[in-house]
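Asker: Please work out how this folds:
(one chain, ligands or ions: 1)
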Amino acid sequence: MVSLKQLFSSSLGRKYLMGASGLALVIFIILHLLGNLTLYAGHGEPMNTYSARLHSLGMGLIIAEVGLLLTFVIHIIAAIQVTMTSKNARPIGYASTETKGGPTKNTMTSRNMIVTGLVLLLFLIVHLKQMRFGPNVADGYTASLEGVMVHDIYRVVVETFQDIKWVIFYSASMFFLGFHFRHGFWSAFQSLGAINPRWSKPIYAMGLIIALLLTAGFFFMPIYIYATQGGAS
Ligand code: HEM
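Answerer: Prediction:
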């Protein structure tokens, strides 16, 4: 079996790692968005129930979180290495992205993957500090679900989005998420060698649709909480 070290040491292996980890992260983010839709329902009970169920997995959740962290780390390292390799191979860069044969995927988005990725990394660090490692039960953030005391994660979210600067920070970051995904999705399939000319357009279109849905789905959450002062009445 090929080891991670072997994959990282070849340029094809690094592209494969970047594509495979990117697709795994797409799946996580879709699931995260679906879970977060509980924000729109009621006054916190649905979101707290969802979070309590997740945390009741105990060791299972910790293993999943470590797996997720490793996936992020692999994605970031492989992305940096792939970018460095192509920069070294072509130090001057292309003057233009136009081609005679029609639109190329080497658009502004493709060249800016590393920039949008870095913005998302900053977003993720702030986000995890605020919500995953933010105020917890020991800080008095508790709610009662059918008589059982659980972490009031809904209060953490609502308090964060009472502050307009966090609403802007989150919602603006989601545009970077959209741009990163739009190109990343197509690029991941290409890195995995799963694109032939017939599938190129449908896969690019699918990436665009997923990117739009994810951006819109996350974008309105902070605004909704801010505008309704913590959920619908
Ligand atoms: C408006 C947008 C978002 C909201 C309201 C939100 C909300 C949350 C909440 C409440 C948690 C804590 C869950 C818990 O402990 O039960 C969380 C965790 C997390 N979020 Fe988000 N999230 C948003 C966007 C994102 C995006 C775009 C990403 C990825 C780029 C992301 C990545 C994560 C990760 C990795 C965790 C930790 C998961 C875990 O350890 O179980 N989130 N988010």
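Asker: Give me the distance between the closest residue to residue 15 other than its chain neighbours and the ligand.
Answerer: Excluding its sequence neighbours, the residue lying closest to residue 15 (C-beta to C-beta, 6 or more residues apart in numbering) is residue 191, at 4.1 Å. Placement of C-beta: from N, CA and C, glycine included. Look at residue 191 and the ligand: by C-beta to the nearest ligand atom, to the nearest Å, they are 20 Å apart.
Asker: Just give me the neighbour total for residue 191.
Answerer: 22 (other C-beta atoms under 10 Å).
Asker: For it, give me its contacts.
Answerer: 15-16, 18-19 (C-beta atoms under 8 Å, 6 or more residues apart in numbering).
Asker: cutoff 6 Å now
Answerer: Residue 191 makes contacts with 15, 18-19, as judged by C-beta atoms under 6 Å, 6 or more residues apart in numbering.
Asker: Tell me the one among those residues nearest to residue 126.
Answerer: residue 18 (23.8 Å; C-beta to C-beta).
Asker: which SSE is the residue of the chain found nearest the ligand in?
Answerer: Nearest residue of the chain to the ligand: residue 51, at 3.4 Å (C-beta to the nearest ligand atom). Applying DSSP states H and E as the criterion places residue 51 in helix 45-55.
Asker: which residues are in contact with that helix?
Answerer: 35, 38-39, 143, 150, 153-154.
Asker: can you do 10 Å?
Answerer: Surrounding helix 45-55, the residues in contact under the criterion C-beta atoms under 10 Å, 6 or more residues apart in numbering are 34-42, 44, 60-61, 64, 131, 142-146, 148-158, 231.
Asker: still on that earlier bit, would you show me how to pick out the buried ones of the contacts of residue 191 in PyMOL?
Answerer: Those of the contacts of residue 191 that count as buried under 16 or more other C-beta atoms under 10 Å are selected in PyMOL with:
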select buried, resi 15+18+19
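Asker: so of the contacts of residue 191, which ones are in strands?
Answerer: Taking DSSP state E, every one of those sits outside strands.
Asker: just the contacts of residue 191 now: which is nearest residue 137?
Answerer: residue 18 (38.0 Å).
Asker: ok, the residue nearest the centre of the chain - contacts?
Answerer: For the chain, the residue sitting closest to the mean C-alpha position, by C-alpha atoms, centre = their mean, is residue 29 at 5.0 Å. Neighbouring residues of residue 29 by C-beta under 10 Å, 6+ apart: 177, 181, 210, 214, 217-218.
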